[in-house]
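Enquirer: structure of the sequence below:
(one chain, ligands or ions: 1)
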Amino acid sequence: MPRRCTVCDHPQRHSIDEALVSGSPYRSVARRFRLSDSSVYRHKTEHLPAHLLKAREVEEVALADDLLEQVRNLQTHALDILERAENARDLRTALAAISQARRNLELLGKLAGELDEAPVVNLNVSPEWMELRTLIVGALDAHPQARGAVLSALEGAGDG
Ligand SMILES: [Zn+2]
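Expert: Presented below is the predicted three-dimensional model:
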């Protein structure tokens, strides 16, 4: 059975790690927490880097989650603008909102892929994109010329 690390098992491990990270000499840390010099030294060299790495990963995931949330907010705004532009029959603004929404979806797909290591989302089969696409084509029903232009632009963009 491997010997347990008295520092890792210590109820104040977090404070010990903090003291070590902030540069306190391991001997004084050992004295402060009534531990042996050698166990603090071993913990500092062998276990602390792994703890720090883990903390950093948690931080990065939190950051990615935050980004994801921001892109979702952007997407809500873009769809809101699209709806308003459609109601106002403002095709130019509607198109700008559509292309922004599409970029948001791509970004969401990438971020989601990085978070759970899923394969990169294929936009053309994403239900959100299909829904948006149907919405766009429906909105342009009364404008056959614009509709044709938008459809061919979307198909061209889908390959990239
Ligand atoms: Zn340890």
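
Enquirer: which residues of this structure lie near the ion?
Expert: Where the chain comes near the ion, counting by CB under 5 Å from the ion, the residues are 5, 7-8, 43, 47. Bear in mind the C-beta positions are built from the backbone N, C-alpha and C, glycine included.

Enquirer: neighbour-wise, which one of those residues leads?
Expert: For the residues of the chain next to the ion, neighbours were counted using other CB atoms under 10 Å, and V7 has the most, 26 neighbours in all.

Enquirer: mind checking the longest helix of this protein?
Expert: Selection of the longest helix in the chain by residue count, based on DSSP state H, yields helix 48-87.

Enquirer: tell me the mean pLDDT for that one?
Expert: If you average the pLDDT over helix 48-87, you get 84.

Enquirer: if we can go back for a sec, out of the residues of the chain next to the ion, who's nearest R32?
Expert: V7 (12.1 Å; CB to CB).

Enquirer: secondary structure element for L151?
Expert: Mapping L151 onto the secondary structure by DSSP states H and E places it in helix 144-159.

Enquirer: repeat that for T6.
Expert: Secondary structure from DSSP H and E places T6 outside every helix and strand.

Enquirer: torsion angles phi and psi at the residue lying closest to S39 once chain neighbours are set aside?
Expert: Closest residue to S39 apart from its sequence neighbours, by CB to CB, 6 or more residues apart in numbering: T6 at 4.8 Å. Phi and psi for T6, reported as degrees, to the nearest 10, are phi -70, psi -20.
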